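Just to be clear, the model below is a prediction. Sequence and coordinates:
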Amino acid sequence: DAGVTQSPTHLIKTRGQHVTLRCSPISGHKSVSWYQQVLGQGPQFIFQYYEKEERGRGNFPDRFSARQFPNYSSELNVNALLLGDSALYLCASSPGTVISGYTFGSGTRLTVV
Amino acid sequence: QKEVEQNSGPLSVPEGAIASLNCTYSDRGSQSFFWYRQYSGKSPELIMFIYSNGDKEDGRFTAQLNKASQYVSLLIRDSQPSDSATYLCAVNMNTDKLIFGTGTRLQVFP
């Protein structure tokens, strides 16, 4: 079985641009969460979606948005990129609630120049 | 006070020794606790989770939870150089999001 797949793996963008990151959860998993990990820090929660509805939002500006599609895949969008948005963006999936933990994808490394 | 605290390390142990990694959390309502391993440049990988006070063992790994003292630990027995990584403690505080610590870097030397 395929794990959590994310695309692209690496991305370089210029300040002010927009970026879309994509995630496909493990087959059968209905919950998708997005985390941002800056070098030297633990992952920070951005969004969680379950059954296509937003279940939680972290302390991130409105430039960050996300959605989940009927096939449970998800997109994370970031507008007006800042240098500080440079990070590893992780997608995690679970069957439902977090009770047994999340499985992370390999991440998208975003560099803003 | 940070919600989840870990010593950043590095924690250096010789091969074959027991590595002890610790984590404290601030919210007494926290319900479930997770340990993830992250190799440099890779994404976090779930090692273990624990809900109840006491010990939970899985192979060379033992998670220990003490809710009264608000700490959770991970013991790695017979440490191997391949265990060298950053270990992230994560806590679920009655929501569906995980709060992560900054991680402890473990170095196992031959």
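Sure, I can see it.

Spell out which parts of chain B neighbour chain A.
When proximity is defined by C-beta under 8 Å from any C-beta of the partner chain, chain B lies next to chain A at B:4, B:32, B:34, B:36, B:42-46, B:49, B:88, B:90, B:92, B:95-103. Every residue, glycine included, has its C-beta placed from N, CA and C.

Need the buried ones from the residues you listed selected in ChimeraX.
Those of those that count as buried under 16 or more other C-beta atoms under 10 Å in any protein chain shown are selected in ChimeraX with:
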select /B:4,32,34,36,43,44,46,49,88,90,92,96,97,98,99,100,101,102,103
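
Check whether A:G101 really touches B:F33, as I assumed.
No. A:G101 lies out of contact with B:F33 (C-beta atoms under 8 Å); the separation is 9.7 Å.

Check the gap between A:L39 and A:N79 for me.
Distance, A:L39 to A:N79, using C-beta to C-beta, to the nearest Å: 23 Å.

Could you check how many residues crowd around A:Y35?
Look at A:Y35: counted by other C-beta atoms under 10 Å in any protein chain shown, it has 27 neighbours.

Contacts only, for it.
Contact partners of A:Y35, counting by C-beta atoms under 8 Å, 6 or more residues apart in numbering or on different chains, are A:P43, A:Q44, A:F45, A:I46, A:Y89, A:L90, A:C91, A:A92, A:F104, B:F100.

Take those residues and lay them out in a markdown table including distance to A:K13, pLDDT and secondary structure.
Formatted as a markdown table, these follow (distance: C-beta to C-beta, whole Å; pLDDT from 0 to 100; DSSP: H, G, I helix; E, B strand; the rest coil):
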| residue | distance to A:K13 | pLDDT | secondary structure |
| --- | --- | --- | --- |
| A:P43 | 21 | 97 | coil |
| A:Q44 | 19 | 97 | strand |
| A:F45 | 22 | 95 | strand |
| A:I46 | 17 | 97 | strand |
| A:Y89 | 12 | 98 | strand |
| A:L90 | 18 | 98 | strand |
| A:C91 | 18 | 98 | strand |
| A:A92 | 23 | 96 | strand |
| A:F104 | 22 | 96 | strand |
| B:F100 | 25 | 96 | strand |
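
Most neighbours among those, please name it.
A:C91 (32 neighbours).

the more surrounded of A:G101 and B:F33?
Remark: of A:G101 and B:F33, B:F33 carries more neighbours, 28 against 21, as counted by other C-beta under 10 Å.

Does that one lie in a helix or a strand, and which?
Using DSSP states H and E, B:F33 maps to strand B:32-38.

all helices for chain B, in order.
Counting by DSSP state H, chain B forms no helices at all.

Which single residue in it comes nearest to chain A?
B:F100 (3.2 Å; C-beta to the nearest C-beta).
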